[in-house]
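Asks: Sequence below, structure please.
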Amino acid sequence: MEQATKSKRALVTGASSGIGKALAKEFAAHGYDLLIAAEDAGITTAASELAGDGIAVQPVQVDLATEEGVERLAAEVEHAPVDALVINAGVGVSGPFIETDLQRHLALVDLNVRGAVELLGRVLPKMVERGEGGVLFTSSIAATMPGPYASTYNASKAFLLSLAEALRVELEGSGISVTALMPGPTESGRNARWKDARNI
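Replies: Prediction:
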């Protein structure tokens, strides 16, 4: 009797809506079980919508802008490793830098940059040990240009793109693929879509 093939598993952050939810749907459509995370309670609703056809979906409501939140999510990966890591969670701040609340900019950096790096550092080494899998960063075409009135957002997306490009070189031959998703202007909610992916 042939042994059943073990399902692959994808971790998708920011998956309660928008691009993150759309990416989770794509992984589910390709037979991946899902570990999905977001700060808002909508992650539970998203899990219900994504489950089906033999796909197991585990939602985790967690704030990835905090070290505690990242540790909590990383602990779930300790219990069941993932084959794909999708770093998608992010926020934006619009308006002139000196006229917007500094704490909002710092919160953006905590989620878009620090949280992304910390989660990557907790999950990637074990993927490399297994010698297979993939990492996908949701960057943006905003990463390729200065962003007046969205200065820290554009800078954070440029950081993710640069990080992805560097890791692609470092991980060559490891069995780990690295992809930077580069959306243009995107509608949030159910009609989320993206225009371009840069597979580096």
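
Asks: residues touching the residue most central in space within the chain, list them.
Replies: Nearest to the geometric centre of the chain sits Ile87, at 1.8 Å (Cα atoms, centre = their mean). Listed by Cβ atoms under 8 Å, 6 or more residues apart in numbering, the contact set of Ile87 reads 13, 116, 119-120, 135-138, 160. In short, each C-beta sits where N, CA and C put it, glycine included.

Asks: And Met127, by the same measure?
Replies: 81-83, 85, 133, 135, 176.

Asks: do that again at 10 Å, thanks
Replies: Met127 makes contact with 77, 81-85, 120, 133-135, 171, 174-176, according to Cβ atoms under 10 Å, 6 or more residues apart in numbering.

Asks: how about the strands in this structure?
Replies: 9-13, 33-38, 57-61, 84-87, 133-138, 176-181, 197-199 (DSSP state E).

Asks: among those, which is nearest Ile98?
Replies: Closest to Ile98 of the strands of the chain, according to Cβ to Cβ: strand 133-138, at 27.9 Å.

Asks: What helices and strands are in contact with that closest one?
Replies: Contacts defined by 3 or more Cβ pairs under 10 Å, 6 or more residues apart in numbering; DSSP states H and E place strand 133-138 against strand 9-13, helix 18-29, strand 84-87, helix 116-130, helix 151-170, strand 176-181, strand 197-199.

Asks: Out of these, which is closest to Gly69?
Replies: Ranking the helices and strands packed on strand 133-138 by their distance to Gly69 (criterion: Cβ to Cβ) puts helix 116-130 first, at 9.3 Å.

Asks: what comes up buried for the closest one?
Replies: 116, 118-120, 122-124, 127 (16 or more other Cβ atoms under 10 Å).

Asks: one step back: which residues does the residue nearest to the centre of the chain form beta bridges with?
Replies: Counting by DSSP bridges, Ile87 forms beta bridges with Phe137.

Asks: and it, how far is that from Thr138?
Replies: Ile87 is 7 Å from Thr138, where distance means Cβ to Cβ, to the nearest Å.

Asks: For the two, list the residues in contact with both.
Replies: What both Ile87 and Thr138 touch, as defined by Cβ under 10 Å, 6+ apart, is the set 12-14, 20, 112, 116, 160, 181.

Asks: would you list the residues you listed in JSON lines and tack on pLDDT and distance to Ala47?
Replies: Converted to JSON lines, the shared contacts of Ile87 and Thr138 look like this (pLDDT from 0 to 100; distance: Cβ to Cβ, whole Å):
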{"residue": "Val12", "pLDDT": "98", "distance to Ala47": "11"}
{"residue": "Thr13", "pLDDT": "98", "distance to Ala47": "14"}
{"residue": "Gly14", "pLDDT": "97", "distance to Ala47": "14"}
{"residue": "Gly20", "pLDDT": "96", "distance to Ala47": "12"}
{"residue": "Asn112", "pLDDT": "98", "distance to Ala47": "24"}
{"residue": "Ala116", "pLDDT": "98", "distance to Ala47": "22"}
{"residue": "Leu160", "pLDDT": "98", "distance to Ala47": "25"}
{"residue": "Leu181", "pLDDT": "97", "distance to Ala47": "22"}
